[in-house]
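In: Pasting the sequence and the predicted coordinates here, then a few questions.
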Amino acid sequence: MFHKVRVLNKKGQLLKVITSEVLSNRHWTIFEEKLKPRPGKKNKFNDFNKDGSRRGTYSLGLDTFGLEGY
């Protein structure tokens, strides 16, 4: 069960409301995608350069949560 989420701006004004149905559908879609086998996918746990830094760059933006269109 998911509860509706109210998204506020920095002043505390309501920007949008994400319903529980939308959150539930998003959860189960992502869950099913994670269960699908991915042949040829490499484990990048130990994927370091010689200098010890990671090869790829990582960012945690709002795009990663999949809620851009709501």
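Out: On my side now, so go ahead.
In: Buried residues, the host helix or strand of residue 32. List them.
Out: Using DSSP states H and E, residue 32 falls within helix 20-35. Residues 22, 23, 26 are the ones in helix 20-35 that count as buried (16 or more other CB atoms under 10 Å). From N, CA and C alone the C-beta is placed, and that goes for glycine too.
In: would you turn those residues into TSV with distance to residue 39 and pLDDT?
Out: Formatted as TSV, these follow (distance: CB to CB, whole Å; pLDDT from 0 to 100):
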residue	distance to residue 39	pLDDT
22	31	93
23	31	93
26	26	92
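In: on that earlier part again, can I get the helix holding residue 32 in PDB, CA atoms only?
Out: Output of helix 20-35 as PDB, limited to C-alpha atoms (Å, rounded to 0.1, in the frame of the first residue of the first chain):
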ATOM      1  CA  SER A  20      -1.100   6.100  -4.600                       C
ATOM      2  CA  GLU A  21      -2.200   4.400  -7.900                       C
ATOM      3  CA  VAL A  22       0.700   6.100  -9.800                       C
ATOM      4  CA  LEU A  23       3.200   5.100  -7.100                       C
ATOM      5  CA  SER A  24       2.000   1.600  -7.000                       C
ATOM      6  CA  ASN A  25       2.100   1.200 -10.800                       C
ATOM      7  CA  ARG A  26       5.600   2.700 -10.900                       C
ATOM      8  CA  HIS A  27       6.800   0.300  -8.100                       C
ATOM      9  CA  TRP A  28       5.500  -2.800  -9.800                       C
ATOM     10  CA  THR A  29       6.900  -1.800 -13.200                       C
ATOM     11  CA  ILE A  30      10.300  -1.300 -11.800                       C
ATOM     12  CA  PHE A  31      10.100  -4.500  -9.800                       C
ATOM     13  CA  GLU A  32       9.200  -6.500 -12.900                       C
ATOM     14  CA  GLU A  33      12.100  -4.900 -14.800                       C
ATOM     15  CA  LYS A  34      14.500  -5.900 -12.100                       C
ATOM     16  CA  LEU A  35      13.400  -9.500 -12.200                       C
END
